[in-house]
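**Student:** Sequence first, then the predicted structure:
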Amino acid sequence: MRNLAQSSLPARAATGLAKGATLSSRRSAAASFLSLVLVGVLALFITSCSGKDPQDTLSSVGEVAKKQQELFWIIFAWAALVFVLVQGLLLFILFRFRRRSENEMPAQTHGNTRLEIAWTLAPVVILVSVAIPTVASIFDLAKEHDVSMQVKVIGHQWWWEFQYPGLGVVTANELHLPVGEVVAFDLQSADVIHSFWVPKLAGKQDVVPGRSNPLTIKVDEPGTFLGQCAELCGIQHAQMKFRVVVQEKAQFDQWVKDQRTPVQPPGDPAMVKGSLIVQQKCSACHTIQGLAGAVGKVGPTLTHIGGRGTIAAGVLNNTPENLARWIRDPQEVKRGALMPNLGLTEDEIQAVVPYLLSLK
Ligand SMILES: [Cu+2]
């Protein structure tokens, strides 16, 4: 045994040396990896400051989002103050009261009544200062004052239905609103939990089956704003997008008028062919007001599909090529979408596309 131990001593020293070497090289590898990660994180941080993001919650538009943003800044300011104070104190204490030499023991302190009272009272003061504006804003935003319009939103896997009960309009994936008016939303779901979110216009609100959740929005300037489902709701959750088109009153009224006009029966024989195919193959799931039998409710209304900017809940721009691509195989565009591949021939697709696009 002794022999073995003795003979292994130099060997151990050697492996120790080798270990030291690999350790330091490993350390420098870890250090360069860490700095790489840091640079990556920093780059990500900087891109978040671009300010041009169409879904930027910090460049809010409209009264509701502005109030919510004010609240955000109040809470952020307190959080920043607490962070700087706590970290600053921690660094100061670590440095000031450190052990300066091997044989010196820093003074040991146990308990300090004044300090304990202070760090109990300070959070109370901070929490009260956060609670007062928060509770006030919650009640203020829940009040539906001067509501000029109601919109019922129904979340579906994976698209949005918008009904305007007062105006007799139903549309999908493209919400039109008049500028400067208070709109009261009634959020409902046809299947699972979704969340209605237009980052620039208002905080998110859950869309829950069997419930009716309220939300008010007032937008002060015309424009197109992007929205998105904000609650994981299945495979195509990320592709459950929508647009909010905010228009001057006159334009909005014109849009309502167009939406209320039912589809005219087509005269052109090519269009007739398209409409017949739609009646046969699509009407069980889609509504087209004015086309006999097309009263399906499984998919979005196609009554004025030609006038919408996008299809498949914001996934594709509404062009003849994209519409053909969607009808050819919806699963290729949006795997798992609840519209199956209907096996239309290329000929049939070329008849359906111009017909649908004519529905303005
Ligand atoms: Cu959803």
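**Tutor:** Ah, there it is.
**Student:** When you work out contacts or count neighbours from here on, use the C-alpha atoms and nothing else.
**Tutor:** OK.
**Student:** got the CA coordinates for stretch 281-299 in CSV?
**Tutor:** Extracted as CSV, the C-alpha positions of stretch 281-299 are listed here (Å, rounded to 0.1, in the frame of the first residue of the first chain):
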residue,chain,number,x,y,z
LYS,A,281,-67.4,23.4,-51.4
CYS,A,282,-67.1,26.3,-49.0
SER,A,283,-70.6,27.4,-47.9
ALA,A,284,-70.9,24.8,-45.1
CYS,A,285,-68.1,26.7,-43.3
HIS,A,286,-68.2,30.3,-44.7
THR,A,287,-70.9,32.9,-44.8
ILE,A,288,-71.3,35.1,-47.9
GLN,A,289,-74.3,37.3,-47.5
GLY,A,290,-76.3,37.4,-50.7
LEU,A,291,-75.0,34.0,-52.0
ALA,A,292,-77.7,31.4,-51.5
GLY,A,293,-76.8,28.7,-49.0
ALA,A,294,-73.5,30.3,-47.9
VAL,A,295,-74.3,30.6,-44.2
GLY,A,296,-71.5,28.5,-42.6
LYS,A,297,-70.1,29.7,-39.3
VAL,A,298,-67.0,27.5,-38.9
GLY,A,299,-64.7,29.9,-40.7
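**Student:** buried ones in that stretch?
**Tutor:** Cys282, Ser283, Ala284, His286, Thr287, Ile288, Gln289, Leu291, Gly293, Ala294, Val295, Gly299 (16 or more other Cα atoms under 10 Å).
**Student:** Turn the residues you listed into CSV, columns for secondary structure, distance to Thr134 and pLDDT.
**Tutor:** Formatted as CSV, the buried residues of stretch 281-299 follow (DSSP: H, G, I helix; E, B strand; the rest coil; distance: Cα to Cα, whole Å; pLDDT from 0 to 100):
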residue, secondary structure, distance to Thr134, pLDDT
Cys282, coil, 49, 96
Ser283, coil, 48, 94
Ala284, coil, 48, 95
His286, coil, 44, 97
Thr287, strand, 44, 95
Ile288, coil, 45, 94
Gln289, coil, 46, 91
Leu291, coil, 51, 91
Gly293, coil, 51, 90
Ala294, coil, 48, 91
Val295, strand, 46, 92
Gly299, coil, 39, 96
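**Student:** Could you save those residues as JSON lines and add columns showing distance to His145?
**Tutor:** Listed next are the buried residues of stretch 281-299 as JSON lines, based on distance: Cα to Cα, whole Å:
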{"residue": "Cys282", "distance to His145": "42"}
{"residue": "Ser283", "distance to His145": "40"}
{"residue": "Ala284", "distance to His145": "41"}
{"residue": "His286", "distance to His145": "36"}
{"residue": "Thr287", "distance to His145": "34"}
{"residue": "Ile288", "distance to His145": "35"}
{"residue": "Gln289", "distance to His145": "34"}
{"residue": "Leu291", "distance to His145": "40"}
{"residue": "Gly293", "distance to His145": "41"}
{"residue": "Ala294", "distance to His145": "39"}
{"residue": "Val295", "distance to His145": "36"}
{"residue": "Gly299", "distance to His145": "34"}
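**Student:** Quick check: the farthest pair among those?
**Tutor:** Leu291 and Gly299 (15.8 Å; Cα to Cα).
**Student:** which of the residues in stretch 298-318 are buried?
**Tutor:** Applying 16+ other Cα under 10 Å to stretch 298-318 flags 299-308, 310-315, 318 as buried.
**Student:** Now do the same contact list for the nearest residue to Ala190 once chain neighbours are set aside.
**Tutor:** Closest residue to Ala190 apart from its sequence neighbours, by Cα to Cα, 6 or more residues apart in numbering: His156 at 5.5 Å. Going by Cα atoms under 8 Å, 6 or more residues apart in numbering, His156 touches Ser189, Ala190, Asp191, Val192.
**Student:** Report the entries of these that also contact the ion.
**Tutor:** Counting by Cα under 5 Å from the ion, nothing from the contacts of His156 sits close to the ion.
**Student:** Could you tell me which residues of the stretch 51-200 of the chain lie near the ion?
**Tutor:** His194.
**Student:** ok, 8 Å please
**Tutor:** Gly155, His156, Gln157, Trp158, Trp159, Val192, Ile193, His194, Ser195 (Cα under 8 Å from the ion).
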